[in-house]
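sequence first, then the predicted structure, then my questions.
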Amino acid sequence: IRRSMEEQGFIDIWTPSLTLGTPEGARDFLVPVRLQPGNFFALEQSPQLFKQALMIGGFDRYYQIATCWRDEDLRADRQFEFRQLDLELAFPTRDEVLDVLERVVVASFEALDLEPPERPFPRMSYAEAMLRYGSDKPDLRFGLDIQDGTEVTRSSQFKIFSSASIVRFLVVPQALSRGDLGKLEVIAKEWGAKGLAYLVYGPDGEVRSPIARFLSQTELGAFAAPPGSTVLFVADEVHVVERVLGALRLHLGRELGIVDDKRHVFHWILDFPLFQPDEETGRWTFVHHPFTGPLEGHEELIEEDPSNALSQHYDLIWNGWELGSGSIRIHRSDMQQRVFRAMGMTEEEAHAKFGWFLDALQMGAPPHGGFALGLDRFIALLAGEPNIREITAFPKVSSGSDPLTGAPSSVPAEQLRELGIRVLEEPQ
């Protein structure tokens, strides 16, 4: 990885780990400061603002193998501390950033004497990924594409279809039994569905379904499937349908044994939304981070129509795992302020949190963009391991504990007093 980056003209620059907390989608790990009781550093979630500051300072190709920290629940592809290939370059096009990463991936495969993936990697828009796969990190090693049946069911006699915001379906290459359908309905409900409608086509092509009598010939024609297959429907709000069918697709891919484990499919997801609703406050918040630039031509939508504003955010996906994210950044102070306003952040709040960075942007920032490649996930997939704990030295377990040292632990009261900290007992 280092050889590839340096051959491409990047300079390895270390950035601080103790920094000011910034909103990046996860909780910060906080570090108390003995010399300033009541004040805390945050361990960096990423070197995001430091690398953008380096672009302003004239370092036009930066990289480092950075250690980052995020206080998130642990899972198969996540630890509290992780390493990433962090990079940024000045005056890039999106294609140039993607090319840098593709070169790194190919070089890594070649270093291990593995057959590298073909370049350029396929590209897909976020909207297409969510429509066809119900996921922004789809596994493309198998089919089972999701299809849309909304328009054909607008006047359906089956009220669950006609009254739903959208209706989508996927075709399973197997005539599922009632027992199979019952198990799938349980899974669908766990992911938020109210139920799971179906059409089962027997070996003779005859339809078996309690909803068939409510569907017109036009609808049945639109949903026609080969003999010996099953059509599964979810009708609900967009986000529910995407989530449920995406989960069912992955489950069925594994259960039916149609995932080709020998394939390595890398692809890019592009044109993400710039904003999404915050579930707690109802205000707009960022999808990637608040420094992501809007797609060209979408600048006016930032405040006029945030729901339809797209961004220059891109993700690299390998066999259904998100390896990392990047974007072309906002390089103008006025544009950055517009994004903050769309998120409901006052000018005073913005300056309190990011004043030093906003001042730096006013000094004349070049257009810039970058990426962060999760090395733990990348190495786990190269090693054929489904859990990054298997390739991590001294990993934390799911409770967040270190089984080797017993950390985290309590500390003496004297040390807490020195830091100006008092631990409150939880009420009984």
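Cool, got the structure.

check contacts around residue 30.
21, 40, 41, 42, 43 (CB atoms under 8 Å, 6 or more residues apart in numbering). Just so you know, the C-beta spots here come from the backbone N, C-alpha and C atoms, and that holds for glycine as well.

please repeat the previous calculation with a cut-off of 7 Å.
By CB atoms under 7 Å, 6 or more residues apart in numbering, residue 30 lies in contact with 40, 42.

and the worst-scoring helix or strand of the chain on mean pLDDT, what does it pack against?
Every helix and strand of the chain was ranked by mean pLDDT, DSSP states H and E. The lowest is helix 347-362, at a mean of 86. The contact analysis (3 or more CB pairs under 7 Å, 6 or more residues apart in numbering; DSSP states H and E) places helix 347-362 against helix 48-56, helix 333-342.

what pLDDT, on average, does the shortest one get?
It stands for helix 48-56. Averaging pLDDT along helix 48-56 yields 93.

pull the residues that contact it.
Residues outside helix 48-56 that contact it (CB under 7 Å, 6+ apart): 13, 15, 22, 24, 62, 86, 88, 90, 289, 291, 329, 357, 360, 363, 365-366, 368, 370.

can you give me the buried ones in stretch 388-396?
388, 389, 391, 392, 395, 396 (16 or more other CB atoms under 10 Å).

what's the first-to-last distance across it?
One end of stretch 388-396 sits 11 Å from the other (CA to CA, to the nearest Å).

what bridges to residue 327?
residue 313, residue 370 (DSSP bridges).

that one: neighbouring residues, count only.
23 (other CB atoms under 10 Å).

likewise residue 209?
A total of 19 residues lie near residue 209 under the criterion other CB under 10 Å.

now do the one 5 residues further on
For residue 214, the count of nearby residues is 16 (other CB under 10 Å).

how close does the residue nearest to it when sequence neighbours are not counted get to residue 149?
Once flanking residues are discounted, residue 214 sits nearest to residue 158: 3.9 Å by CB to CB, 6 or more residues apart in numbering. Applying CB to CB, to the nearest Å, the value for residue 158 to residue 149 is 11 Å.

then residue 202?
21 Å.

these two: which is more packed in?
Applying other CB under 10 Å to residue 202 and residue 149 shows that residue 149 carries more neighbours, namely 18 against 12.

isn't the more buried one right up against residue 171?
No - judged on CB atoms under 7 Å, residue 149 makes no contact with residue 171 at a distance of 11.3 Å.

can you list contacts of stretch 234-244?
Identification of contacts with stretch 234-244 by CB under 7 Å, 6+ apart yields 130, 134, 160-161, 164-168, 188, 191-194, 196, 245.

drop anything exposed from the residues you listed.
Counted by 16+ other CB under 10 Å, these give 130, 134, 160-161, 164, 166-168, 188, 191, 193, 196, 245 as buried.

just those: which are in strands?
166, 167, 168 (DSSP state E).

now those as a markdown table including distance to residue 403?
Shown next, in a markdown table, are those (distance: CB to CB, whole Å):
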| residue | distance to residue 403 |
| --- | --- |
| 166 | 46 |
| 167 | 48 |
| 168 | 44 |
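
what is the nearest of those to residue 79?
residue 168 (34.8 Å; CB to CB).

can you pull the contacts of the closest residue to residue 310 other than its chain neighbours?
Leaving aside its chain neighbours, residue 310 sits nearest to residue 295 (4.2 Å; criterion: CB to CB, 6+ apart). Neighbouring residues of residue 295 by CB under 7 Å, 6+ apart: 271, 310, 311, 312.

show me where pLDDT drops low in the stretch 1-150 of the chain?
Applying pLDDT under 70 to the stretch 1-150 of the chain picks out residues 23-25.

most tightly packed of the helices and strands packed on helix 347-362?
Ranked by mean neighbour count, these are led by helix 48-56 with a mean of 21 (mean count of other CB atoms under 10 Å).

quick check: next helix or strand after that one?
strand 61-69 (DSSP states H and E).

same for that next one, what does it pack against?
Here strand 61-69 touches strand 11-12, strand 81-90, going by 3+ CB pairs under 7 Å, 6+ apart.

what do you get if the cut-off is 8 Å, keeping everything else the same?
Using 3 or more CB pairs under 8 Å, 6 or more residues apart in numbering; DSSP states H and E, the elements in contact with strand 61-69 are strand 11-12, helix 48-56, strand 81-90.

next secondary structure element downstream of the last one?
Same thing as strand 81-90. Criterion used, DSSP H and E; the element after strand 81-90 is helix 94-111.

by how many degrees do that following helix and strand 81-90 diverge?
Between helix 94-111 and strand 81-90, the angle comes out at 130 degrees (axes from the mean of the first three to the mean of the last three CA atoms, to 10 degrees).

run through who's touching helix 94-111.
Contacts with helix 94-111, where a contact means CB under 8 Å, 6+ apart, come from 1, 3-5, 8, 85, 87, 89, 115-117, 119-121, 266, 268, 270, 312, 314, 316, 324, 326, 328, 369-371, 373, 378, 382.

how about that helix: buried residues?
For helix 94-111, a neighbour-count test (16+ other CB under 10 Å) marks 94, 97, 98, 99, 100, 101, 102, 104, 105, 106, 107, 108 as buried.
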